[in-house]
Every structure is written in C-alpha cells, then in structure tokens.
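Asker: All I have is the shape, not the residue letters:
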C-alpha cells in the first residue's frame, strides 16, 4: 500500500524544456491536487481534480497543464519550463474535495536552469 | 492574493515553552485543517475543525476554530524537540469547496 507516489523525486531542466510530473494513488480517492511550495510562500494550488474527468485551475495555473488520466493518476505538465518554476511540487489526494484530510506525496524537487 | 493569513512566520522557543500559531481569513471558512511538515518532508494532516467555536485536543496540542469561522489557532503546551517543523493551516470556502487554501505556515524551532 504505497499511498501517494510521485515521480520523479528530483529533476533538473533547462529553460524551455518540457516535462511531466506523475502522481499515482492507490487509496481510491476522488480528489487530487497539485501544489507548489516555495520558501516563505506556503503551499499554492496549481490545479485540482475534484473527480475523475474534471480539472480546475487553482491559484497559480499559468505555465502548467494537467491530465486526470483515470481515478488513480493525475499528471502535471510543464510545456516550456522557466526558472520561476523552480520549486518543490506536491501531489495530494483526498476522499472528497475540500472537507476530508489530504494525503501528500513525497514531493518532486524541480530546478530549472 | 493570500486567502488565508498565518502568523507568525517563524517562532523560536526553548524546550518546555508554549507555542501558538494563528490563522485568519477575510471570509467565512467551511472548515479548517492543520498540517505539520517536518524539515525535508511532506505535509501530514493533524486535524480538521468544522463547527463554530470548536476546540479539539491532541495530547499537548489544542486547536480552536473561531466563532465566526474566520480564524483558528494551534497551541502547543510544553514544546519538545520532536515538535520542530512547519505548521500549516488550510481552509475551504463553500463557494469553492474543491480548493484547499493554505496559509504560509509557521516554522517552529525548538532549542533543547
């Protein structure tokens, strides 16, 4: 029972490169989230998916796209990475949107040079 | 802008002292959750408060939700070195129930 699994754990990109961060959960949760964490800024919501087949923008969606591939998987894509996207990215899941506890993955530390 | 404000940003205490972090929202929240993140780790859920004026305790931790459901606090009695980490509050609003708005966190350091 792995919970919430994020891949990769670390990544270095050059400006302009693209990549996809993967998130998979085996908790049968309906809602999935992508956050970024920057020093002193807390956790800011990029995109979320309240249920399979739906996605919505969060606070800081610019420069990102998401895909809720199925109930288990929610991916985050950077089409053209910029240094401002250097951050730690967390995927989280919850049984139901907003009013049940969220479980976080281990995080992906992304550096864009 | 920041939907949920949290203060202080940093707190340094000596082991055995008490610690409090405060969370405020300009709008009414449907619920408030608290998370702890150890250095280098990921946020871990501590508790959820839903009712106006609700108070919950977990050993040395006391959580409160304000009467107007716009503010919350976390109080730790007699801190220990194991309490080190960043404490986040996170709230949801009825109009955007899918979004969990996080405060910026309070980073707690405990001197032995």
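Answerer: Structure's in. What do you need? Since this is a predicted model, take the numbers as computed values, not measurements.
Asker: where does the spatially most central residue of chain A fall, helix, sheet strand or coil?
Answerer: Centroid-nearest residue in chain A, with C-alpha atoms, centre = their mean: residue A:34, separated by 2.9 Å. Three-state call for residue A:34 (DSSP: H, G, I helix; E, B strand; the rest coil): strand.
Asker: My guess is it contacts residue A:22. True?
Answerer: No. Counting by C-beta atoms under 8 Å, residue A:34 stays clear of residue A:22, with 11.0 Å between them. Glycine gets a C-beta too; all of them are placed from N, C-alpha and C.
Asker: Show me what the residue nearest to the centre of chain A bridges to in the sheet.
Answerer: Bridge pairing for residue A:34 (DSSP bridges) gives the partners residue A:47, residue A:91.
Asker: Spell out which residues of chain A are next to chain B.
Answerer: A:31, A:33, A:35, A:40-45, A:48, A:50, A:56, A:58-59, A:90, A:92, A:94, A:97-107 (C-beta under 8 Å from any C-beta of the partner chain).
Asker: Give me the buried subset of those residues.
Answerer: A:31, A:33, A:35, A:42-45, A:48, A:50, A:58-59, A:90, A:92, A:94, A:97-107 (16 or more other C-beta atoms under 10 Å in any protein chain shown).
Asker: Among these, which are located in helices?
Answerer: Per DSSP state H, helices hold no members of these.
Asker: quick one: low-confidence ranges for the chain?
Answerer: Since you didn't name a chain, this refers to chain A. A:1, A:97-98 (pLDDT under 70).
Asker: You answered for a different chain; I wanted chain B.
Answerer: In chain B, residues with pLDDT under 70: B:1-2, B:95-98.
Asker: contacting residues for residue A:68?
Answerer: If a contact means C-beta atoms under 8 Å, 6 or more residues apart in numbering or on different chains, then residue A:68 has A:32, A:49, A:52, A:53, A:54, A:55, A:74 as its contacts.
Asker: same check, this time on residue A:21
Answerer: Residues in contact with residue A:21 (C-beta under 8 Å, 6+ apart) are A:6, A:7, A:8, A:34, A:75, A:76, A:77, A:78, A:89, A:91, A:108, A:110.
Asker: Can I get the residues you listed in CSV including distance to residue B:109?
Answerer: Formatted as CSV, the contacts of residue A:21 follow (distance: C-beta to C-beta, whole Å):
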residue, distance to residue B:109
A:6, 28
A:7, 32
A:8, 31
A:34, 29
A:75, 36
A:76, 32
A:77, 37
A:78, 34
A:89, 25
A:91, 28
A:108, 26
A:110, 27
